[in-house]
Structure formats: C-alpha cells, structure tokens
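# can you look at this prediction? I've put the sequence above it.
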Amino acid sequence: MKYHLLFILLLATCGSAAVAQRRPPNVRGPVVMRADQMRPQLKPGENRPDVAPAYPGGQPALSQFIQENAKTPPAMQEQQKSGVVFTSFTVGEDGRLSNVKVDKGFSPECDAEALRVLGLMPAWKPATRKGKPVPVDVTLAVPFGGSANLIIEKGKVKYE
C-alpha cells in the first residue's frame with residue numbers, strides 16, 4: 001500500500017514537471033500606447049511613463065480636431081467608401097510629434113491626408129516618468145468617409 005501511494009505521488013510530480021517544460025516562454029513585444037487605452041499603472045516598468053501623453057483638451061478635442069481637419073478625398077466621396085488609416089508617431093519631451101508614419105493605410109490619398117492632418121496637430125502634453133517628460137510612441141486611427149451615414153445620438157455613433 002505504501003509503495004502504491006509513493007508511486008502515484010512520484011508520477012504526479014513528474015507529470016507536472018513535464019507540463020511546465022512544454023510551455024513557451026513569456027515573450028512580449030515592444031510597448032505601444034494607444035491614445036484611447038492609456039491608463040496609469042500601479043507598478044510601471046522602467047521604460048513606461050507614469051502619466052501618458054495627452055492631446056490638449058483630451059480625447060473629445062482630438063476627435064473634433066480630426067473631424068474638422070481631415071478632408072475625404074474626392075475619389076472616395078464619389079465611390080461612397082469609408083475606411084481608417086492607422087498612424088503612429090512619437091510624442092517628444094517637448095510635446096511635439098515626430099517620426100510620423102502610416103502603419104496600416106487605406107488608400108494613397110487617405111494616407112497622405114492623414115499625414116497632413118497630423119502635421120497640423122498642436123503639441124501634446126508630454127508623458128512623464130518620475131516627474132520628467134519622456135518620449136512615447138502613440139498609435140492613432142484617422143477615419144475617412146461615411147460621415148453622411150452617421151447619426152450622433154447621446155454621445156454614441158450609429159450607422160444607418
């Protein structure tokens with residue numbers, strides 16, 4: 001009886017060790033901060049800011065700036081197409097945007113328009129780490145087209 005119990009215990013220990021060896025290592029990619037998903041962390045890493053960068057006036061002001069300045073190319077208006085251009089840039093220590101690029105484009109005209117709008121953007125409030133400004137990479141989506149089909153109701157966007 002003792003040997004059976006000892007054998008079962010030994011088998012369980014070896015089985016859990018084999019499962020632990022099969023797991024892939026926890027590998028993480030680079031840290032990318034998105035404007036709509038930034039939250040303070042309780043224990044930020046050495047390379048992460050304590051306070052995220054912010055557009056002057058917050059998210060509503062950023063959305064309004066993009067809506068007022070981004071013009072849908074005429075070719076897209078004729079075809080009644082809509083899409084999103086995903087851009088990325090670095091908010092520097094002084095709050096100015098640099099390294100502006102298109103990560104995932106929609107059309108060459110929309111890509112160029114998104115880069116033009118980001119060039120018009122005022123300086124952001126920079127991210128800080130331990131009270132000092134630090135540069136941070138930000139990803140931002142710039143929507144195009146389809147605004148004739150949008151109805152804004154109680155702060156929500158609905159498509160018809």
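Perfect, thanks for sending it.
# please, which helix or strand holds residue 72?
If you go by DSSP states H and E, residue 72 is not part of any helix or strand.
# is it true that it touches residue 143?
No: the criterion here is C-beta atoms under 8 Å, and residue 72 misses it with residue 143 at 9.5 Å. (C-beta placed from N, C-alpha, C; glycine too.)
# residues contacting residue 49?
If a contact means C-beta atoms under 8 Å, 6 or more residues apart in numbering, then residue 49 has 127-129, 134, 136 as its contacts.
# and what of residue 127?
By C-beta under 8 Å, 6+ apart, the neighbours of residue 127 are 49, 51-53, 91, 133-136.
# rerun at 6 Å
Contacts here follow C-beta atoms under 6 Å, 6 or more residues apart in numbering; on that basis residue 127 touches 49, 52-53, 134, 136.
# is the nearest residue to it once chain neighbours are set aside in a helix, a strand, or coil?
Counting by C-beta to C-beta, 6 or more residues apart in numbering, residue 49 is the residue found nearest to residue 127 once chain neighbours are left out, at 3.7 Å. Using DSSP: H, G, I helix; E, B strand; the rest coil as the criterion, the local structure at residue 49 reads coil.
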